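# take a look and give me a structure for this.
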Amino acid sequence: MTKNSTSNTPTHIVWFAPEREGAPWIRIGALWPTKKEGGFRMNLELTPVAAGSIIIQPNEPKETAKGEGA
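Okay, here's the model as predicted:
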């Protein structure tokens, strides 16, 4: 396992959007920036085999409601 020196949190999330009408997007992986500027390392947890699109979006942390958390 490699260790990312900046953060273990991915900067982008990789989604699969099936072509089927109303099908939900499925999270299939994540991206981290490489040490060399401009590059990314992608980790796929699933590989789509159906027709559809792969979408990469910035990973925006979820805000916790007041009173939640540790």
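
# quick check: residue 12 vs residue 55, distance?
Here residue 12 is placed at a distance of 10 Å from residue 55 (Cβ to Cβ, to the nearest Å). In short, each C-beta sits where N, CA and C put it, glycine included.

# the two: who's more crowded?
Counted by other Cβ atoms under 10 Å, residue 12 and residue 55 do not tie: residue 12 has more neighbours, with 16 against 12.

# the nearest residue to that one once chain neighbours are set aside sits in which helix or strand?
Leaving aside its chain neighbours, residue 12 sits nearest to residue 31 (3.9 Å; criterion: Cβ to Cβ, 6 or more residues apart in numbering). Mapping residue 31 onto the secondary structure by DSSP states H and E places it in strand 26-33.

# CA atoms of stretch 25-38 as CSV?
This file holds the C-alpha atoms of stretch 25-38, laid out as CSV (Å, rounded to 0.1, in the frame of the first residue of the first chain):
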residue,chain,number,x,y,z
TRP,A,25,-25.0,6.8,-10.2
ILE,A,26,-22.6,4.3,-8.6
ARG,A,27,-19.4,5.4,-6.9
ILE,A,28,-16.6,3.3,-8.4
GLY,A,29,-13.4,4.9,-7.3
ALA,A,30,-11.4,8.0,-6.4
LEU,A,31,-8.6,10.3,-7.6
TRP,A,32,-5.6,11.8,-5.8
PRO,A,33,-3.1,14.2,-7.2
THR,A,34,0.4,12.9,-7.9
LYS,A,35,3.5,14.5,-6.6
LYS,A,36,4.3,15.5,-10.1
GLU,A,37,2.2,18.5,-10.9
GLY,A,38,-0.8,17.9,-13.2
